[in-house]
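1. Pasting the sequence and the predicted coordinates here, then a few questions.
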Amino acid sequence: MIDRAAIAASFAEAAHRGQVRKFSGGPYIRHPGRVADILRVAGYDDADMISAAYLHDVIEDTGVTYPVLECVFGDDIATLVAELTKPNQPRTDRAKLIKCADIMDNVSTIWLDAGREYAAQYLQQKLQQLGAMYPDGSNSKLSADAFKMVQGEIARMAK
């Protein structure tokens, strides 16, 4: 059986080769790997979701296009990645969960990496984004955890 997530991880690694995180300067590929790990730890084992987590920034940050993703990984994974590509807002439950994991990973280091002023703006933007994705409140433990994490970081910065 083909391990799509492993193929997606390798594809993402090749697409992001040489890229570094904006503030920390660390290898960019660590971020999509952590997003996939957050989903796995939360109990999501859907191969398409995990694959899309690895690939969630390739359209936005590399030369990879939607048609290439669709050809290599199929419509389901390519559509999930497209939902996660700026300026789009995730619509499906699976894309929203990947976005929650993305936010959680970014929030975990934002104020250490980017500085207080940028982090304060970023955290407010992410709280608003979560509110827009879940206007009636979170509908899963992962989305609830994302809300709590962002709110906790906002409170910590206020001290």
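-> The structure has been received and is ready for your questions. Numbering: from 1, shown residues only.
2. what's the nearest residue to D76 if we skip its chain neighbours?
-> Using CB to CB, 6 or more residues apart in numbering and skipping the chain neighbours, the partner closest in space to D76 is D48 (5.1 Å). Every residue, glycine included, has its C-beta placed from N, CA and C.
3. who's in contact with that neighbour?
-> R4, D76, I77, L80, R94 (CB atoms under 8 Å, 6 or more residues apart in numbering).
4. Is K141 in contact with V41, as I believe?
-> No. Using CB atoms under 8 Å, K141 makes no contact with V41, being 11.1 Å away.
5. What lies in contact with stretch 126-142?
-> For stretch 126-142, using CB under 8 Å, 6+ apart, the contacting residues are 38-39, 42, 44, 89-90, 93, 96-97, 99-101, 103, 106-107, 143-144, 146-147, 150-151, 154.
6. Quick check: which element contains the residue nearest to D76?
-> helix 47-55 (DSSP states H and E).
7. And the contacts of the helix or strand following that helix?
-> Later in the chain than helix 47-55, the nearest helix or strand by DSSP H and E is helix 58-61. Here helix 58-61 makes contact (CB under 8 Å, 6+ apart) with 11-12, 15-16, 19, 28, 64-66, 69, 81-82, 85-86.
8. go on, stretch 69-84?
-> 4, 7-8, 11, 48-49, 51-52, 55-59, 66, 88-92, 94-95, 98-99, 102.
9. Repeat the analysis, applying 10 Å as the threshold.
-> With contact meaning CB atoms under 10 Å, 6 or more residues apart in numbering, stretch 69-84 is reached by 4-5, 7-8, 11, 15, 35, 46-60, 64-68, 88-92, 94-96, 98-99, 102.
10. Great, nothing more from me.
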